[in-house]
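# Predicted model follows, preceded by the sequence.
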Amino acid sequence: MRVAGPVGFDLDLTLINSRPAIMAAWSAVAEELEVSIDLDEVDRRMGIKLEDEVAYWFPAPAQSAAAASYRRHYVQLAPTLTFLLPGAAEALASVRHAGERAVVITAKHPVSVEPSLAAVGLQPDEVFSHVHGPEKAAVLARLSAAVYVGDTPADMVAGLGGGATAVGVPTGSFGPAELTNAGASVILGSLAEFPEWYARFRSGPAHRVGWADRCPEGRTP
Ligand SMILES: [Mg+2]
């Protein structure tokens, strides 16, 4: 298990609460293209690529235009409807303080990533965008990342697949049990708990066992 190395963070619902902007953008797409879209269903799949979500609502010939419509609305909505999740800035800072790089690895398209980060003033050391599932694992492996933090079961699978310790935060559409079942090594209540956990993770196995005792839903990394 790697302790040194970059730490990857998912973006949506891990570092930022982008749900209001995402839902507003889908509502705008539904109105503009006169298609009925169930926002609860969209919410349950949060974290996948836009192109994959679009495929649930539009036939193939219309999908490219629908994705373009979504992104056009999203970049206008993101500046006022994107919010920092508790502890996100401190989590990135704690990684840098340890001398490591804090990187964002997200399914979001670069066009949508930029206004989202700008809205909350987050400045990761590097951003890898438009990757999901095994693509995230490939990025993590290439970086020799020590940790991947995310809010979805797919993020946990990607973290493990990329050789990183998978850390789950239940700040999205999935609870601790779902993240643990997907392979999360650790579950934090939110990123507000990240700096303390990361300091222990960096300091050695004895301390990590101590953390597991306090985190019964997680497993010892
Ligand atoms: Mg996410």
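Now that the structure is in, tell me what you want to look at.
# Which residues of this protein lie near the ion?
D10, D12, L13, G47, D151 (C-beta under 5 Å from the ion). Just so you know, the C-beta spots here come from the backbone N, C-alpha and C atoms, and that holds for glycine as well.
# Point out the least confident one among those residues.
Lowest pLDDT of these: G47, 88.
# which non-adjacent residue is nearest that residue?
T152 (4.0 Å; C-beta to C-beta, 6 or more residues apart in numbering).
# What's the local residue count around L33?
15 (other C-beta atoms under 10 Å).
# quick one, what contacts it?
By C-beta atoms under 8 Å, 6 or more residues apart in numbering, L33 lies in contact with F58, A62, A65, A66, S69.
# ok, of the residues of the chain next to the ion, which one's closest to V113?
Within the residues of the chain next to the ion, proximity to V113 (C-beta to C-beta) peaks at D12, which comes in at 9.7 Å.
# separation between the residue of the chain most remote from its centre and A182?
Within the chain, the residue lying farthest from the chain centre (C-alpha atoms, centre = their mean) is E34, at 30.1 Å. Noted for E34: a distance of 37 Å to A182, by C-beta to C-beta, to the nearest Å.
# How about H132?
14 Å.
# What of G47?
G47 is 12 Å from A182, by C-beta to C-beta.
# Give me the more crowded residue out of these two.
For the pair G47 and A182, the greater number of neighbours falls to G47 (25 against 20), based on other C-beta under 10 Å.
# circling back: touching both of G47 and A182, which residues are there?
Counting by C-beta under 8 Å, 6+ apart, the residues touching both G47 and A182 are T152, A154.
# Which one of the contacts of L33 sits in the busiest neighbourhood?
Going by other C-beta under 10 Å, A66 tops these with 23 neighbours.
# List the backbone torsions phi and psi for it.
A66 adopts backbone torsions of phi -70, psi -40, taken as degrees, to the nearest 10.
# I'd guessed it sits against V29; true?
Yes - between A66 and V29 there is a contact under C-beta atoms under 8 Å: 6.3 Å.
# quick one on the thing from earlier: only whichever of the residues of the chain next to the ion are buried, select them in ChimeraX.
In ChimeraX, this line selects whichever of the residues of the chain next to the ion come out buried by 16 or more other C-beta atoms under 10 Å:
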select :10,12,13,47,151
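# Just the pLDDT for the residue lying closest to D43 once chain neighbours are set aside.
If the residues on either side of it in the chain are set aside, D43 comes closest to S173, at 5.7 Å by C-beta to C-beta, 6+ apart. According to the prediction, S173 has pLDDT 93.
# Mind telling me what element S173 is part of?
Under DSSP states H and E, no helix or strand contains S173.
# so S144 sits right up against P6, yeah?
Yes - assessed by C-beta under 8 Å, S144 is found in contact with P6 at 7.5 Å.
# out of the two, which sits in the busier spot?
P6 (22 against 13).
# So the more buried one versus the ion, what's the distance?
Distance of P6 to the ion, given as C-beta to the ion, to the nearest Å: 18 Å.
# What of H109?
From H109 to the ion the distance is 14 Å (C-beta to the ion).
# What pLDDT is listed against that residue?
94.
# Which residue, neighbours along the chain excluded, lies closest to it?
Among residues not flanking H109 along the chain, H130 sits closest, at 5.3 Å (C-beta to C-beta, 6+ apart).
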